[in-house]
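In: Need a 3D model of the sequence below.
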Amino acid sequence: MGRDKALLPWPPQPPGPRGSTPETFLTATIDVLDDHSDLVIVVAGKNAPNLAPLVYARGAFITINPAPERGQFSSLQVGLQDVLNRGRDAAIVTLVDRPPARPATLLRLRAAFEEAYSREKWAVVPEFGGKHGHPIFIGREMIHAFLSASPASTARDVEHQHVHRIEYVLVDDPFVTMNVDTPADYDSLLQQTK
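Out: Residues are numbered from 1 along each chain as shown. Okay, the predicted model is just below:
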């Protein structure tokens, strides 16, 4: 992308007055998650100094991945350990390189998680257009599965090992599967939202 994807402006808006700070993927995600959780934890690496002011201004917490070069799964493990350290036994996990899921999607996923958890499911994953996406809702058992996995694993590896414990929920929200990896992806997203 050439710059921190978490700081891409979102939602699309005309340029504001000089000195105004646009909202970003990160701040929009914190805002949406804050309405559906006790607390929001952002995992950062070397970009922590750039993210911290936005995270703290939203009342969220930041935890640092001391070795971000190990990859995305290491950040997931750092964040989930912080969830447990803060006395929580469930989490909503999402990425910040995309627009946040719609509030109605989060309500649907949370209700599905509460119902599925009573049937001994460990996680709820949204599905749109035949693809699985984010955010995922996970309970303590799935948190422990992620934390006990080899650092060389991926989240997908762990999910596939426990697929019988996952409930997939169809949602009408293309943002759950959207990836923004290049300037062209971001431009395409902006065109779709006009």
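
In: so where's this protein uncertain?
Out: 13-21, 194 (pLDDT under 70).

In: all helices for it, in order.
Out: Applying DSSP state H to the chain gives helices spanning 25-34, 48-57, 72-85, 103-117, 140-148, 155-161, 183-192.

In: Of those, which is nearest D97?
Out: If you check each of those against D97 by CB to CB, helix 25-34 wins as the nearest, at 6.7 Å. No exception for glycine: its C-beta is placed from N, CA and C like everyone else's.

In: buried residues in the closest one?
Out: Buried residues in helix 25-34, counting neighbours by 16 or more other CB atoms under 10 Å, are found at F25, L26, T27, A28, T29, I30, V32, L33.

In: which among those gets closest to G59?
Out: I30 (8.2 Å).

In: Return the residues in contact with that closest one.
Out: V40, V42, L54, V55, R58, A60 (CB atoms under 8 Å, 6 or more residues apart in numbering).

In: rewinding a little: looking at the helices of the chain, which is buried most?
Out: helix 25-34 (a mean of 21; mean count of other CB atoms under 10 Å).

In: Give me the angle between that helix and helix 103-117.
Out: Compare the direction of helix 25-34 with that of helix 103-117 by axes from the mean of the first three to the mean of the last three CA atoms, to 10 degrees and you get 50 degrees.

In: With just CA atoms, put helix 25-34 into PDB.
Out: What follows is helix 25-34, C-alpha atoms only, in PDB (Å, rounded to 0.1, in the frame of the first residue of the first chain):
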ATOM      1  CA  PHE A  25     -10.300   2.300   9.100                       C
ATOM      2  CA  LEU A  26      -8.900   2.100  12.700                       C
ATOM      3  CA  THR A  27     -11.100   4.700  14.300                       C
ATOM      4  CA  ALA A  28     -14.200   3.500  12.500                       C
ATOM      5  CA  THR A  29     -13.500  -0.100  13.600                       C
ATOM      6  CA  ILE A  30     -12.900   0.900  17.200                       C
ATOM      7  CA  ASP A  31     -16.200   2.900  17.200                       C
ATOM      8  CA  VAL A  32     -18.200  -0.100  15.800                       C
ATOM      9  CA  LEU A  33     -16.600  -2.600  18.200                       C
ATOM     10  CA  ASP A  34     -17.000  -0.400  21.200                       C
END
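
In: next one: it to chain centre, how far?
Out: 9 Å (CA atoms, centre = their mean, to the nearest Å).

In: now swap in stretch 125-139 and tell me
Out: Relative to its chain's centre, stretch 125-139 lies at 11 Å (CA atoms, centre = their mean).
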